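Enquirer: Return a 3D structure for these sequence lines:
(one chain, ligands or ions: 1)
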Amino acid sequence: MADLRAIADALKTGRAPKVKAMVQEALDEGVPAHQILNEGLILGMGEIGVLFKNNEVYVPEVLIAARAMYAGLDLLKPVLAASGAKPAGVIAIGTVQGDLHDIGKNLVAMMLEGAGFEIVDLGTDVPPEKFVEAAENGAQIIAMSALLTTTMPAMKTTIDLLKSKGLPTKVMVGGAPVTQAYADEIGATAYSSDAASAVDVAKELVS
Ligand code: B1M
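Expert: Model prediction:
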């Protein structure tokens, strides 16, 4: 019988082929896709997020776990899409204009996807207009990452542009040089210091 706890454990240890095989087995046994997602993949990803937050695992382990999550998610996505299951919300994420750092942004995106959000990944060096376009296309949250003190101001430019268009979109910001004080100063809706907290923040923003 399908053991969803074992899927979460295999994901946490980054065993992508095992996760894939167990997810397929659970689907074959008729376990609903949303249950496999919530009680297997999201549970495991959430637990690795807590370990990461507490410095009990580091970036490589999270990336390997994320790869295992995608192995399972790839099998579930078509089934979930066919059953019309709604994502927790749509988030457009990117690294701001002039900034090419994407490791942290990718981690945040993976954790958010693992928590059930639909992610529109705009990539790196994203101009303000592209974030605005994503908001106009229905993203409820714009998530911006910056790693350079010289590119942080692009967050404010983007927020100002969103406001000038009258868009109600919420804005999350983060990245090594970004602080809560800076987020408040530029008028962001929320700040988070790491990928696991970003999930908590995003959940609050859509609740
Ligand atoms: Co660059 N770099 N880099 N770099 N680089 C830093 C950021 C730097 C601190 C190194 C240093 O001098 N000590 C420094 C910035 C100094 C400053 O502005 N204060 C720096 C510099 C100067 C530069 C260049 C200008 C160097 C040069 O060319 N002279 C250049 C700029 C290029 C550009 O972007 N235009 C540059 C280039 C590069 C590489 C291309 C070589 C490479 C990037 C590869 C890539 O991303 N694909 C690189 C790297 C790897 C780094 C360091 C070493 C590591 C960054 C990283 O990936 N950390 C970095 C030094 C450091 O941070 N120790 C450095 C791991 C990652 C998981 O953490 O991104 O912080 P982080 O993400 C965290 C949180 O911040 C948070 O969650 C993540 C997980 O917990 N978070 C969010 C991130 N985004 C978030 C968004 C959220 C919420 C949380 O909500 C939306």
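
Enquirer: State the three-state secondary structure for His101.
Expert: At His101 the chain is in coil, as set by DSSP: H, G, I helix; E, B strand; the rest coil.

Enquirer: if I pick the spatially most central residue of the chain, what's in contact with it?
Expert: Geometric centre of the chain, nearest residue: Leu112, 2.3 Å, by Cα atoms, centre = their mean. By Cβ atoms under 8 Å, 6 or more residues apart in numbering, the contact list for Leu112 reads Ile91, Ile93, Ile119, Ala143, Ala198, Val199, Ala202. In this view, the C-beta of every residue, glycine as well, is placed from N, C-alpha and C.

Enquirer: Could you pull up phi and psi at it?
Expert: phi -70, psi -40 (degrees, to the nearest 10).

Enquirer: Quick check: closest non-adjacent residue to Pro114.
Expert: Heads up, residue 114 is Gly, not Pro. Met45 (3.3 Å; Cβ to Cβ, 6 or more residues apart in numbering).

Enquirer: Can you mark which positions in the helix or strand encompassing that neighbour are buried?
Expert: Using DSSP states H and E, Met45 maps to helix 43-53. For helix 43-53, the neighbour count (16 or more other Cβ atoms under 10 Å) marks Leu43, Gly44, Met45, Gly46, Ile48, Gly49, Leu51, Phe52 as buried.

Enquirer: Isn't the fifth one up against Val62?
Expert: It refers to Ile48. Yes. At 6.1 Å, Ile48 counts as touching Val62 under the criterion of Cβ atoms under 8 Å.

Enquirer: thinking again about what came up before, helix or strand right after the helix holding Met45?
Expert: That would be, after helix 43-53 and using DSSP H and E, helix 59-83.

Enquirer: mind listing what's buried in that following helix?
Expert: 61-62, 64-66, 68-73, 75-76, 79-80.

Enquirer: Touching the helix or strand just after that helix from outside, list them.
Expert: Note on helix 59-83: by DSSP H and E, the next helix or strand toward the C-terminus is strand 90-96. Outside of strand 90-96, the residues within contact range by Cβ under 8 Å, 6+ apart are 101-102, 105, 108-109, 112, 117-126, 130-131, 134-135, 138-147, 151-152, 154-155, 158, 172, 175, 202.

Enquirer: Type out the ChimeraX command that picks the buried ones from these.
Expert: To isolate the buried ones among those in ChimeraX, judged by 16+ other Cβ under 10 Å, type:
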select :101,102,105,108,109,112,117,118,119,120,121,122,124,125,126,131,134,135,139,140,141,142,143,144,145,146,147,151,152,154,155,158,172,175,202
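
Enquirer: returning to what we had before: can you list the buried residues of helix 43-53 in CSV and add distance to Gly166 and pLDDT?
Expert: What follows is the buried residues of helix 43-53, written out as CSV (distance: Cβ to Cβ, whole Å; pLDDT from 0 to 100):
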residue, distance to Gly166, pLDDT
Leu43, 39, 90
Gly44, 40, 92
Met45, 35, 88
Gly46, 35, 85
Ile48, 39, 91
Gly49, 34, 83
Leu51, 41, 93
Phe52, 37, 87
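
Enquirer: Which of these sits closest to the ligand?
Expert: Of all these, the ligand sits closest to Phe52, with 6.8 Å by Cβ to the nearest ligand atom.
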